[in-house]
Structures are given as C-alpha cells and as structure tokens.
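>>> just to be clear, the model below is a prediction. Sequence and coordinates:
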Amino acid sequence: MSEFNAKLLAIHSERRQPLEVEAYDFLISEGIKFPPYYYARTEAEMEEIMEILDNDIYPSYAFKVMSPKILHKSDFKAVFLNVTDADAMATFMDLKERFAPLDFRGVLIVPMAGDGVELLLGSTEDPTFGLISVFGVGGTLVEVLKDVTFGKAPLTRADAQLMIKSINSQELLNGPRGLPKLNELHMVDLMVKISDIACRYKSIIKEIDLNPLRVTENGIFPLDARIILRSETC
Amino acid sequence: MNKDPITTFFEAKSFAIVGATGNKDKLGWFIIDNFLTHFDGDLYLVNAKGGEIEGMPVYKNVLEIPVIVDAVVIAIPARFVQSVVEDCVKKGIKSVIIESGGFAEVGDEGKLLQEKLVETIKDTGTRIMGPNCIGVLSPEAGIDTIFIPQDRVGRPKGGPISFFTQSGAMGSAILSSLHHAGDGAWISRFASYGNACDVNEVDFIKYMGQDLSTRIIMAHLEGFRDGYSFLKEAKKITPKKPIVLLKTNRTELGATASASHSASVASDDAVVTALMKQHGIIRVEDFEEMTSLARALRTQPIPRGARIGVVTDGGGFAVSASDAIEKEGLSLGNLDKQTFATLKAKYPPWYISGNPLDLTGTVTAEEFQFGIEQFCFDPNIDAILMIIIPSAPQFDVHDFINIFSDFIVNIKDKHPESAIKPIFSVTLGGEESQIIDAKMEKLDIPVFSTPDKALTIVKYLVEYRNFLNHNRTLLLEGRY
C-alpha cells in the first residue's frame, strides 16, 4: 500500500473527512492529474513556497483556506482568487489570522487556471443501484442546468463515451466562443479512473467529487476535489 | 442469496386451486373455469368444506392431495392464508400464488400477516407470488390464474412477449389492449405479482431472459426491490432480447442532503433513466408508448439505422413529420440517385419527388404504393413512415388496401431481404381512415394516431439498434 493510501486510512481512523489538499494527495497517488499546488501551514513554510512562486511561470494564484470546519469554502469566503506573487505573503498571514478561530490548518495554493468550460465528475452511492458515476456540467451552473448523467460503476470506456454523449449541453463540450474543446479520450480516461478508484476504495470512500473540472488548453484539471469517507464504518 | 427459479409458476404440469367453489359468481370459480378450459395438466381443487365441483373431488386441504402439485393458487380470505402456506411448505410445493388481498397494502396488521408468510418460506424451496395479485397467464402452458372473467379482461393468445407488473390494473389493461390487436397472438408469460413479498423483478427478468418462448420482455415497475441485481441480469439479456420498461412513481425522490454535488444532483428518476440506457433497456414514458412499442417490436424488424423515409399525400404532415424526426434525433434519409430518377419519371411534375415524398391531393392508390415500394428498395432508408390522407379525390381506399396487402404479404418471396424494412402507418381522416387502420393491424403494420407518436416509437427502436451495434463493437474488440 502506498504512502497516501495509508494516509487516507489514517484520516478515516481519525473519524474526520479529508481536507481538500488531502484529497489532492490521495487522487494524485491514484494517477489523477492536478495542476501544481503548494500547501503552507506555517509562516516558515509559506516563506519556502514564496521562492517557488517567485520563480515559476504563473502570474497569479488561488488561495484556499483548509479547515475541517469549512465544507463549502465559498460560504466562508475562504477562497481568494488572482493573488499575485507580490501579495502572496500578506494574503497568507491575513488568512491565517482571520481563520484561526475556525481551526485553520493551512492554505492550499494553486495557479489560476486558464479559461474553459467547467464540468463535474464524481462518484456516489445510489440507494437502489449501488455505486454510480456522475458526469455533467459543473461549476456554478450545476444547480441551474442540472445537466448531468449517470452510469453504474465500474464504468467501461464505452459506458463513459455514452455518458459524455448523453448530456444535453453538447455545444459546451465542443468549445463554445473560442474556449478549448473537450478532449473526449482524456475525459474517458479520467472517468474510468475515478470510477475505478471509487470501486476499489468503496469500503471507506462514500463519495468522490471533482467539481469544477476545467477543460483548459493544457488538459482537463480539477479545480476542486472532495472525498467523503464513510462515517458508519469509522 | 440463491433462491429457487420461478419456472413452475409459468410451466407447471399440475395445479391446485385453494378456495375452489362451484358458485359461478365467485372468483374461485372463474379460476377453475380458466383451468378447465385451457389447462392440459392435472388440476386439484381445495376447499375446507370438501365435497365435489363439476364432478371433481374437492380436497379439504393441500396435504390431502395425493400428489405433490407443481403450483398452488390461493384465493381465500387473508386470515386463512397462513395455514395453507404452511401446508404447501410441508408438502414441498415450489410455487404458490396468493391472490388474496388484505396484506401489507392495507396497513400494519396486514403487514404482520405478510411478514409471517415470508418467515414461513424462508430457507425452503417454496416461492410466493403476491399476495394481492392476479397472478399468471401462460397461454402455451394453459395456465391462467386471473380471477376476472374473459369478457372483462382479454386473454391474448400465445406469442413472443413476456410482461410483468406489480399492478393488477396495469396488467389487465395491457392484456385487454393486446387481445384486440392484430391476430391476438402476443403473450408468452404474463405475471401480475402484487405486493411482491418474495418473487420480485429480478426473478422475472432472470426467468424470462432464459425462457425460449420469450422474445421480448416488458415490465412496469413502481420501484426496484433489488435494482443492483436487476441491472446485472438485464445486462446479459439486452444484447439478445429487448427489455422495455415503464417505470412510474417518478417523484419518489431518494436524493438525500449531502456534502458532495455528485450526490445531491442524483435524483432517483434521472439515475433510473441513465442506468437503463447504459444497460440497453428501453424506458418508455407511459402506457400508450408501452403498448405501441409492444406492437412495433413484435411485428417489425429493428431498423438498421436512423434514416427515415416519409411517404404522404399531405404536405402539411410532411413538414410536421420532418420536425418530429429532428426532435427525436432521427434523420431523413437522402434518397439514392436511382430512386430519385425513378420517382421523377413516374410522377407528374407537381409531386415533390424527394424525402419526404409529397404526392399531393391528386395521388392515386397505385401511385402511393409505388412510392412506398421505391422507399423499401432505397439503400439510404432504414424505416418508412406512411402518412395517408384518404380524402384525396382519386385515392381509392380499397384499391390501396389491395395492392399494399399484396406487396406486404409477398415481400419475402418477391424481393431481397434488404427491402424488408420496418413500416409504420398513420392515417388521418374520417371513416376511411378506420378502414385503413383496421387493415394495417391485420397486416401487422403498427398504426398510430399522429406522426409524432409513430416517430417516438421509431426513436426507441433506433436507440436499441444503436445499443446493439455498440455492443457488437465491444464484442469484436473483446471488451464485453
């Protein structure tokens, strides 16, 4: 068992849900691709990361507060977008101080992603049919469009293809208004992988949620990831 | 949990009727009457009072019957059912149909009675269908446990369709609707299984999937007892036999408040739709679609593709059919050059020789038929919709019926297999349209009241074809 699988088990035995950064760590260990990300828990760690930020190619970053008390970060204004290198340290210190009462654990720092359509990919448990995969339009439009479809897990590549073809907003997948077009083969890979992870870990993982999943020039990347562990087996 | 298969419910060679009565107004008699008329196997009658009915001995209980019957049907008040089921278990009877009401459907007391039944057959070889149901119709085996007389609920003859539903009303309605359609030969196995205390949708799909006399499976469900196993079984069947599902009770939402988006967007009904599609199960919207699809599947080949040909003498309907084709995700086939030339040479210049083929108000019966035939021969057409407006002055309805019948009846002998395509008929007009519809039914051509309704059914067939093709690709690639 890899280091991160052990970490997930450890979180499970602590009877808590993984932080977003822990979900990233786990999913990366299972072969899911994420943009580069950094995690600063202390001022010292942030200083080390500052050197990397100063030297990398990204002009600005998203700063996300990690706390077991915050499930929906936007409700707590716990996400700061477009933070430049120059503002990075001050933003970190500000967040650390402000979120101290909310069990502040650290800040997850990710480069701002390129423009693109936002999708949703996940896995959940249906009371009737068991483990199912979910795919559809993600981001802020999830609740509005409710354009999602489902497949019984584990998904075959053919199942995943069928699901991609099944959502109504096909024009979103074809790259509207000059936005990048969805690479269907990559999407199928990702869907099959997530479904496979959900099946292999079904004894401890209840839900996986990649939302939004942004379709960029450089690939399909999760901008947020959530893993909900089973509480009943804790 | 490996339970005994439910074969004997549909193929029993011996049957006992508990609640037998000679009183010809009572439902116990109607069941006896069914068996006396159709059943070739051994019939035993049971009633606590004993005696004789129609010269047959009446046993006081199941234990008294000198043989172990394959199946028992129970039609007595709920409070007496428990002891009969205990006898059946004691005797080792495989199949018990409990038609009596007064169980879980009436409240807590009935629920207890039903739970006791389930407890009684636990770990035994006895299976229960029901309670609170009309049971089984299996025409080839002569089994008919439906306690409603034949003038009230039609009994179709033996055919390729198997149907199961919990609802007695839905079951009766489909039987009556098919009984009057075409030659009346429709049903292979029918079951209405009421409260489903034991036998459920998984048993039916499994049995009907392997049953050689079943070519098409249709079901009405309000909920799944075991959705997981249902899909597992269905997956093995749909590449070979179509499964049509009418799933009602759509608003029964199981979506619970949850932290993840994936869970919160997963409302029951959308999940059902998507998962049925994934497994090649055709989900229809309502009763009418279900009966229409039954007719289409029984009588027509599955279209080879989505390219529709429309032949009509009504320009307005040509346009509305084109709209419906677009809406259903189908397409109008591009006629082959040869067909186009043949049509041009045949028809006066004001006919619109294309697809839709608009033969206008001056069409004759012979010209209409010519158009249908050319569409049958055209390699770019997968299914044909004819929309007949019989009011055209030179269109002789009887002439048309004669030449059309002649073509359909002899198509297999006179034409290559590629010409045999699914044909659907819509006739709009007064009395003459009824004459055409009746004849079409006799010829096994599905009849619809509007082009839109016809095209919805065509869409289901095309989607099933796509599923089959998809599966074949997987098979060839060794991935299925």
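Perfect, thanks for sending it. A quick note: this is a predicted structure, and the numbers were derived from the prediction, not measured.
>>> show me the contacts for residue 68.
Answering for chain A, as no chain was given. The contact partners of residue A:68, by CB atoms under 8 Å, 6 or more residues apart in numbering or on different chains, come to A:16, A:17, A:19, A:103, A:105. From N, CA and C alone the C-beta is placed, and that goes for glycine too.
>>> could you do chain B instead?
Shown in contact with residue B:68 (CB under 8 Å, 6+ apart): B:91, B:92, B:93.
>>> out of those residues, the closest to chain A would be?
Ranked by distance to chain A (CB to the nearest CB), these are led by residue B:93 at 32.2 Å.
>>> quick check: which element contains the closest residue to the closest one other than its chain neighbours?
Distance criterion CB to CB, 6 or more residues apart in numbering or on different chains; nearest residue to residue B:93, sequence neighbours excluded, is residue B:72 at 5.6 Å. Per DSSP states H and E: residue B:72 is located in strand B:71-74.
>>> list the buried residues of the helix or strand just after that strand.
Following strand B:71-74 in sequence order, the next helix or strand is helix B:78-91 (DSSP H and E). Under the neighbour-count criterion of 16 or more other CB atoms under 10 Å in any protein chain shown, helix B:78-91 has B:78, B:81, B:84, B:85, B:86, B:87, B:88, B:89, B:91 buried.
>>> by contact count, what packs against the helix or strand that comes right after helix B:78-91?
Counting by DSSP H and E, the element after helix B:78-91 in chain order, helix or strand, is strand B:95-98. With contacts defined as 3 or more CB pairs under 8 Å, 6 or more residues apart in numbering or on different chains; DSSP states H and E, the packing partners of strand B:95-98 are helix B:7-11, strand B:71-74, helix B:78-91, strand B:127-129.
>>> distance check, the residue lying closest to residue B:363 once chain neighbours are set aside against residue B:343.
Distances taken as CB to CB, 6+ apart put residue B:313 closest to residue B:363, at 4.3 Å, once the chain neighbours are dropped. Applying CB to CB, to the nearest Å, the value for residue B:313 to residue B:343 is 14 Å.
>>> higher neighbour count, the two?
Neighbours were counted for residue B:313 and for residue B:343 using other CB atoms under 10 Å in any protein chain shown; residue B:313 has more, 26 against 22.
>>> next, count neighbours for residue A:86.
Quick note: residue A:86 (other CB under 10 Å) scores 11 neighbours.
>>> quick one, phi psi at it?
phi -60, psi -30 (degrees, to the nearest 10).
>>> pLDDT score for it?
With respect to pLDDT, residue A:86 scores 90.
>>> and if you look at residue B:470?
83.
>>> which element is it on?
Here residue B:470 is assigned to helix B:451-476, by DSSP H and E.
>>> picking that back up, the residue nearest to residue B:363 reaches residue B:360, doesn't it?
Yes. Residue B:313 is in contact with residue B:360 according to CB atoms under 8 Å; the separation is 6.2 Å.
>>> where do the contact lists of those two overlap?
With CB under 8 Å, 6+ apart, residue B:313 and residue B:360 have common neighbours residue B:392.
>>> give me the residue from the stretch 301-450 of chain B nearest chain A.
Proximity to chain A, evaluated over the stretch 301-450 of chain B using CB to the nearest CB, is greatest for residue B:329 at 10.8 Å.
>>> give me the neighbour count for that residue.
Applying other CB under 10 Å, we find 11 residues neighbouring residue B:329.
>>> hmm, residue B:58 and residue B:52 touching each other?
Yes. Between residue B:52 and residue B:58 there is a contact under CB under 8 Å: 6.1 Å.
>>> which of these two has more neighbours?
More neighbours surround residue B:58 than the other of residue B:52 and residue B:58, with 19 against 10 (other CB under 10 Å).
>>> paired strands for the host helix or strand of the more buried one, with orientation please.
Using DSSP H and E, residue B:58 maps to strand B:56-59. Taking DSSP bridges as the criterion, strand B:56-59 forms sheet pairs with strand B:42-46 (parallel), strand B:52-53 (antiparallel).
>>> ok, back up a step: from the contacts of residue B:68, which is closest to residue B:106?
residue B:93 (26.1 Å; CB to CB).
>>> the closest one: what's it in contact with?
B:62, B:68, B:69, B:70, B:71, B:72, B:126.
>>> check the secondary structure at the residue of chain B most remote from its centre for me.
Computed with CA atoms, centre = their mean, the residue of chain B farthest from its C-alpha average is residue B:349, at 44.9 Å. Assigned state for residue B:349: coil (three-state reduction, DSSP: H, G, I helix; E, B strand; the rest coil).
>>> dump the residue contacts of it.
For residue B:349, no contacting residues are found, by CB under 8 Å, 6+ apart.
>>> ditto for residue B:104
So residue B:104 contacts B:110, B:111, B:114, B:132, B:195, B:197 (CB under 8 Å, 6+ apart).
>>> those residues: which two are farthest apart?
Comparing all pairs in the contacts of residue B:104 by CB to CB, the longest separation belongs to B:111 and B:132, at 11.8 Å.
>>> neighbour count winner among these two?
Taking other CB under 10 Å, residue B:111 and residue B:132 do not tie; residue B:132 has more neighbours (24 against 15).
>>> re the thing from before, the residue nearest to residue B:93 and residue B:18 touch, don't they?
Yes. Counting by CB under 8 Å, residue B:18 is a contact partner of residue B:72 at 6.1 Å.
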